[in-house]
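> here is a sequence with its predicted model. Questions after.
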Amino acid sequence: MIIKTVAFGNFDEAYIENRFNDKVNVIFSSKNDRGKTVLFQSMMYALGNEPIFPNSFNKDDFLFYCKINSKGIDYEILRDKNHFIVKDSDEISHYDSVSLFTKDFFCKKIYALPYYLKDNLPNLTELFLFYQLFFVP
């Protein structure tokens, strides 16, 4: 999966980062408190992660957008709370929960998440567990 654009905003303010390329990208600032962490949190949230924003950031006041490329196909994802709209070259789809987004979009078109057994029943791994792997050394 290649990240192409990350954006978040509302009617009063917005931020768009579209300077990513298909290689390694480094996000930096010589100063703290410039939005680097919120940018990555927004990307992960747009892709189905649980909210991990600071308490001072009211995520419900914003929409979150991410454009990605997976297996040669561009997808545009817009998240508003637990609603997702996904656009590819052929169709626009709506998912009204993280669970549906995970099962019907992410697992089928991005990456098939593993199942685990709980009480002898298969359960799909949640996206927040998948994204936590980013932080495992």
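The structure has been received and is ready for your questions. Just so you know, these numbers come straight off a predicted model, no measurement behind them.
> strands of the protein, start to end?
For the chain, the strands defined by DSSP state E cover 2-9, 14-17, 63-70, 73-80, 83-87, 92-95, 115-118, 121-124.
> make CSV from those and add distance to residue 26 and mean pLDDT to it.
For every residue, glycine as well, the C-beta is placed using N, CA and C. Output for those, formatted as CSV (distance: least, C-beta to C-beta, whole Å; pLDDT from 0 to 100):
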stretch, distance to residue 26, mean pLDDT
strand 2-9, 13, 96
strand 14-17, 12, 94
strand 63-70, 19, 97
strand 73-80, 23, 98
strand 83-87, 28, 98
strand 92-95, 32, 98
strand 115-118, 34, 91
strand 121-124, 33, 91
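> centroid-wise, who is the farthest residue in this structure?
The centre of the chain is farthest from one residue, residue 120, which by C-alpha atoms, centre = their mean lies 30.4 Å away.
> which one of the strands of the chain lies nearest to residue 56?
Closest approach to residue 56 among those is made by strand 2-9 (14.7 Å; C-beta to C-beta).
> what are the pairing partners of the closest one, and which direction each?
With DSSP bridges as the test, strand 2-9 is paired with strand 14-17 (antiparallel), strand 63-70 (antiparallel).
> okay, the ones you listed, which one's buried deepest?
Counting by mean count of other C-beta atoms under 10 Å, strand 63-70 has the highest mean neighbour count of these, with a mean of 19.
> roughly how far is it from the heart of the chain?
Distance, stretch centre to chain centre, for strand 63-70: 7 Å (C-alpha atoms, centre = their mean, to the nearest Å).
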